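Trainee: give the three-dimensional model of this entry:
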Amino acid sequence: MALVTCPECGKQISTAAASCPHCGMVMSGAATPGAAPVAGFAFTPSGARPPERTLWEGTPSLALVYGKILGIILRAVVVYFVAYLLVDYALPAIASTSSDMRTLIGTNESTIGWVIFGIFTLLLIPPLIALFTVIARLRNTHYKVTTQRIIVEQGVLSRALEEIDMRSVDDTEFHQSFIERIFKIGEIRIVSTDKIAPKMILHGIVDPRGTREMIRSTAYEASQRQLFTRST
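Mentor: Numbering: from 1, shown residues only. Prediction:
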């Protein structure tokens, strides 16, 4: 049985193969099993592949920030409770230490109270900025799955695009935390043989199990290899 070089990946393959077992490139003129190699063996060019179709696209769910929102609310409750204790209990205690302090605090009690609450309010600004930053990043992230690629486009001010060829997908899995299970979202992790993007994570995906199965079956069809043949 003769061997030829695959023009797509450059590896040696049999002339009897219907497609390259390494990259999945379809070949024409392949001999049937047990038959002699057919003269004029040729490869189907890459352009002859079926046109690319979009199977699924979306953005990360905002449910990813619900935990951060809850944390900010709890932090605000604690912060303002401490401020309340300072105004209603600490200031009178300080005022009772001397007549000068009593006069000073009594004259400026309202101003001191507002200053205390203002200072404690400043403690809430960093987590609020972080929350709005995360929301902006999620709203500016777009996922797209086609019959040929998995694409992630993201960026608030500048944009960046990352993609994995379906033929290079080696493994897929999904993960859900306890909170994510409540909101029925999760993340999909993709491992590929791509040297530039060997790993990709899709965050905040609704129905992660179903989306993962769609990617898995599409990758199988694109690579034209049997299931469970990946080396372990």
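
Trainee: who's in contact with residue 105?
Mentor: By C-beta atoms under 8 Å, 6 or more residues apart in numbering, the contact set of residue 105 is 91, 94-95, 112. (C-beta placed from N, C-alpha, C; glycine too.)

Trainee: now with 10 Å?
Mentor: 91-92, 94-97, 112-113 (C-beta atoms under 10 Å, 6 or more residues apart in numbering).

Trainee: now it: how far from residue 187?
Mentor: Between residue 105 and residue 187 the computed distance is 54 Å (C-beta to C-beta, to the nearest Å).

Trainee: again with residue 157
Mentor: 25 Å.

Trainee: neighbour count winner among those two?
Mentor: residue 187 (19 against 6; other C-beta atoms under 10 Å).

Trainee: my read: that one touches residue 203, true?
Mentor: Yes. Counting by C-beta atoms under 10 Å, residue 203 is a contact partner of residue 187 at 5.0 Å.

Trainee: need the residues touching each of those two.
Mentor: 60, 64, 180.

Trainee: out of those residues, who's nearest residue 123?
Mentor: residue 64 (23.8 Å; C-beta to C-beta).

Trainee: ok, the closest one touching residue 203?
Mentor: Yes. Using C-beta under 10 Å, residue 64 is in contact with residue 203, at 6.4 Å.

Trainee: what's the overlap in contacts for the two?
Mentor: In contact with both residue 64 and residue 203: 138, 180, 185, 187, using C-beta under 10 Å, 6+ apart.

Trainee: give me the contact list for the helix or strand containing residue 83.
Mentor: Under the criterion DSSP states H and E, the helix or strand holding residue 83 is helix 66-85. Applying C-beta under 10 Å, 6+ apart, the contact partners of helix 66-85 are 62, 65, 90-91, 113, 116-124, 127-128, 130-131, 134-135, 177, 179-180, 182-183.

Trainee: all strands of the protein, in order?
Mentor: Using DSSP state E, the strands of the chain run over residues 3-5, 12-14, 27-28, 42-43, 54-58, 142-146, 149-154, 160-165, 169-175, 185-192, 199-206.
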